[in-house]
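Novice: compute the structure for the input listed below.
(chains A and B)
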Protein chains: 2
Amino acid sequence: MKLAILVFDRFTDLDVFLPWDLLNRVARFRLLPDWEVKLVGTSAHHTSENGLTIPMSAGLDYLGEADAVLIESGPGVQTLLRDEAILARLHSLLDPGRQLIGSICSGALLLAKLGLLDGLTATTYPTRVKQLAAMGIEVVEAPLVAHERIATAAGCLAAVDLSRWFLEGLASKEVAEQVMASVRPNGM
Amino acid sequence: MKLAILVFDRFTDLDVFLPWDLLNRVARFRLLPDWEVKLVGTSAHHTSENGLTIPMSAGLDYLGEADAVLIESGPGVQTLLRDEAILARLHSLLDPGRQLIGSICSGALLLAKLGLLDGLTATTYPTRVKQLAAMGIEVVEAPLVAHERIATAAGCLAAVDLSRWFLEGLASKEVAEQVMASVRPNGM
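Specialist: Next up, the predicted model:
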């Protein structure tokens, strides 16, 4: 399985790193063979909202090979929403008929812009609800709103629920539970 | 306030990045002035257990100026436990009479090695309980074990509880609640 996490400048640290670690655990614990998670960006490095610069592991083309795509969040989403060239590339690379596609927080705005939420309910970060609703999407106040191959999550820690959704869809409930058990607070 | 997060090679991604984002939010949301969080390491970059290489923002000396120190976890802890030179530097830089000091998961082993858990109960990652107990520490199965200026947390997502403990101790319950509200899953 190939998993892509779409990152850009001014990304929200937690929203990238929570799924990054949870999704990588499938390979790290050797729960399944042939499992890779790549950070995908428009340049070799991107810098987070907290000023941390990290290297990408693939360019945008990897989105076309991926079995699952996670669209990240943060103030940088607003820049992408106005970038017609990147929007056109994302539109040509993403395939909602084959891929699992999910967003966290303001990443839902990008999914909406690409037409991927047409006719679906979705969730987004509380400060972005009006913007998403203005794009014609019915916004639901929930941690995770999952449809067949599209899910939106909101409130940074809901990245845990979104990661579980990806793990259950790409692997199994058992694999998802093994990953979640490995991060559960002690004694809980 | 100066907060230091001690990082090393083969760190656990989530255990670093969860507190990194939560603790940085105090400055990002301008909740308090003069608030800085630095990633402190023994070299300019360190690579996580999932293979992500990140830049440090300060060297070990920053631990001596810090008001709070968070000791990270991961397989790399075992290397530090055998590095007498680094242990001696940590011992000279950390000041439990003045600083808030906390650990996540296997970071507790380093606190124990430095004598900072003498006479205290502590928690650690389930697979490290025997090792911590063998160092003479009474291990408690709980997400967070907090004493006056020393806290240990275990199970990666307990990094949220540990971050709250730092925020309440260095800032206030109100500031901690504002940070936690900003990451709470939508509708929860």
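Novice: could you list every helix and strand that the longest helix anywhere in chain A packs against?
Specialist: Secondary structure assigned by DSSP state H gives helix A:13-28 as the longest helix of chain A. Here helix A:13-28 touches strand A:2-6, strand A:36-40, helix A:159-170, helix A:173-181, helix B:13-28, going by 3 or more CB pairs under 8 Å, 6 or more residues apart in numbering or on different chains; DSSP states H and E. (C-beta placed from N, C-alpha, C; glycine too.)
Novice: how much does the longest one deviate in direction from helix B:159-170?
Specialist: For helix B:13-28 and helix B:159-170, the angle between their directions (axes from the mean of the first three to the mean of the last three CA atoms, to 10 degrees) works out to 40 degrees.
Novice: can I get helix B:13-28 in PDB, CA atoms only?
Specialist: Output in PDB follows, covering the C-alpha atoms of helix B:13-28 (Å, rounded to 0.1, in the frame of the first residue of the first chain):
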ATOM      1  CA  ASP B  13       7.900  10.900  16.300                       C
ATOM      2  CA  LEU B  14       4.600  11.300  18.100                       C
ATOM      3  CA  ASP B  15       6.200  11.800  21.500                       C
ATOM      4  CA  VAL B  16       8.200  14.700  20.200                       C
ATOM      5  CA  PHE B  17       5.700  16.400  17.800                       C
ATOM      6  CA  LEU B  18       2.600  16.300  20.100                       C
ATOM      7  CA  PRO B  19       4.200  18.400  22.900                       C
ATOM      8  CA  TRP B  20       6.100  20.400  20.200                       C
ATOM      9  CA  ASP B  21       2.900  21.600  18.700                       C
ATOM     10  CA  LEU B  22       0.800  21.900  21.900                       C
ATOM     11  CA  LEU B  23       3.500  23.800  23.800                       C
ATOM     12  CA  ASN B  24       4.200  26.100  20.900                       C
ATOM     13  CA  ARG B  25       0.600  27.200  20.700                       C
ATOM     14  CA  VAL B  26       1.100  29.500  23.700                       C
ATOM     15  CA  ALA B  27       3.300  31.700  21.600                       C
ATOM     16  CA  ARG B  28       1.500  31.100  18.300                       C
END
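Novice: mean confidence score for that helix?
Specialist: Confidence for helix B:13-28, expressed as mean pLDDT, is 98.
Novice: chain center to it: distance?
Specialist: Here helix B:13-28 shows a centroid-to-chain-centroid distance of 11 Å under the convention CA atoms, centre = their mean, to the nearest Å.
Novice: near chain B at all, stretch A:178-186?
Specialist: Yes - with CB under 8 Å from any CB of the partner chain as the measure, stretch A:178-186 is seen reaching chain B through A:Ser182, A:Val183, A:Arg184, A:Pro185, A:Asn186.
Novice: and stretch A:50-57, anywhere near chain B?
Specialist: Yes - Stretch A:50-57 comes into contact with chain B (CB under 8 Å from any CB), by way of A:Asn50, A:Leu52, A:Thr53, A:Ile54, A:Pro55.
Novice: quick one: end-to-end distance for that stretch.
Specialist: 20 Å (CA to CA, to the nearest Å).
Novice: quick one: buried residues of it?
Specialist: Across stretch A:50-57, burial judged by 16 or more other CB atoms under 10 Å in any protein chain shown covers A:Asn50, A:Leu52, A:Ile54, A:Met56, A:Ser57.
Novice: surely the last one meets A:Leu39?
Specialist: Yes - under the criterion of CB atoms under 8 Å, A:Ser57 lies in contact with A:Leu39, with a separation of 5.0 Å.
Novice: tell me the secondary structure for the spatially most central residue of chain A?
Specialist: Centroid check for chain A by CA atoms, centre = their mean gives A:Leu70 as the closest residue, at 2.3 Å. Three-state assignment for A:Leu70 (DSSP: H, G, I helix; E, B strand; the rest coil): strand.
Novice: contacts only, for it.
Specialist: The contact partners of A:Leu70, taken as CB atoms under 8 Å, 6 or more residues apart in numbering or on different chains, are A:Leu3, A:Ala4, A:Ile5, A:Leu6, A:Pro19, A:Leu23, A:Gly102, A:Ser103, A:Ile104, A:Gly107, A:Leu162, A:Phe166.
Novice: separation between it and A:Leu87?
Specialist: Distance, A:Leu70 to A:Leu87, using CB to CB, to the nearest Å: 18 Å.
Novice: repeat for A:Thr79
Specialist: Taking CB to CB, one finds A:Thr79 at 11 Å from A:Leu87.
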